[in-house]
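[1] After the sequence you'll find the predicted model.
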Amino acid sequence: MADDCCSAKGPELERLARRSGQRRVLIAVLGINAAMFVAEFGAGLIAGSAALMADATDMLGDALVYAVSLYALNRSDRWKAGAAVMKGIFILVLGLGILVNVGIKIASGVPPSSTLMLIFGALALGANLICLRLLWQFRDQDVNMASTFECSRNDVVSNVGVLLAAGAVALFDSPWPDILVGLAMAAIILRSAIRVLRAAWPQLRMGPAESR
């Protein structure tokens, strides 16, 4: 009888353990992204780099995204879909904001500091690879965690773009590599927003919201 009871509790205990694991990972990546936003955005301001500031702004977006994911973690599937829709909208606004920043950079025409771009671009890449590794096991868990993993994966691509832009700025002494990478990052972010919204919106409309 006791064996049957323990056996019946197995799936529930596994589910709770999985939720606990998700929470620890989300708290860790939230802290990493918040800290990197402060460091990278400050470096972007000093360096005058549109790509570096765009990458830092994306870090801030991710920190907020992970906070929303933590809020939705122990709620119903529809709550999770709602959180994913919120993240998709935020990512969309973020992409548009990056486009505005790129426009300002085009108007100024001053080349950024390639040295600062390389240093902080490399630090951001290392931070995001850690986040990606932490999130990997939960990437197919639900729409909420899938959208969170999508954000982190895009960050790695953006970091590589910043490093390539830094090398090109140093080589050509021109602001255009920085500008072009900023535009590419905006395109990636906007595409990601559309994908997240397309995946989450049907689930949001399926039934009434419930919380646990």
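    Looks like it arrived, so ask away. Numbers count the residues shown, from 1 in each chain.
[2] Going by C-alpha atoms from here, please, whenever you check contacts or count neighbours.
    Noted.
[3] May I see the buried residues of the helix or strand hosting residue 115?
    Using DSSP states H and E, the element containing residue 115 is helix 114-135. Within helix 114-135, the residues that count as buried by 16 or more other CA atoms under 10 Å are 114, 116-118, 120-122, 124-125, 127-129, 131-132, 134-135.
[4] Run the angle between the very next helix or strand once past it and helix 114-135 for me.
    Towards the C-terminus, the helix or strand next in line after helix 114-135, according to DSSP H and E, is helix 143-172. Using axes from the mean of the first three to the mean of the last three CA atoms, to 10 degrees, one finds that helix 143-172 and helix 114-135 are set 160 degrees apart in direction.
[5] For helix 143-172, enumerate the helices and strands it packs against.
    For helix 143-172, the packing partners by 3 or more CA pairs under 8 Å, 6 or more residues apart in numbering; DSSP states H and E come out as helix 50-72, helix 77-108, helix 114-135, helix 176-204.
[6] Tell me which of the ones you listed lies nearest to residue 42.
    Between residue 42 and the helices and strands packed on helix 143-172, the shortest gap by CA to CA is with helix 50-72, which sits at 8.2 Å.
[7] Which elements pack onto the closest one?
    Contact analysis of helix 50-72 by 3+ CA pairs under 8 Å, 6+ apart lists helix 2-47, helix 77-108, helix 114-135, helix 143-172, helix 176-204 as its packing neighbours.
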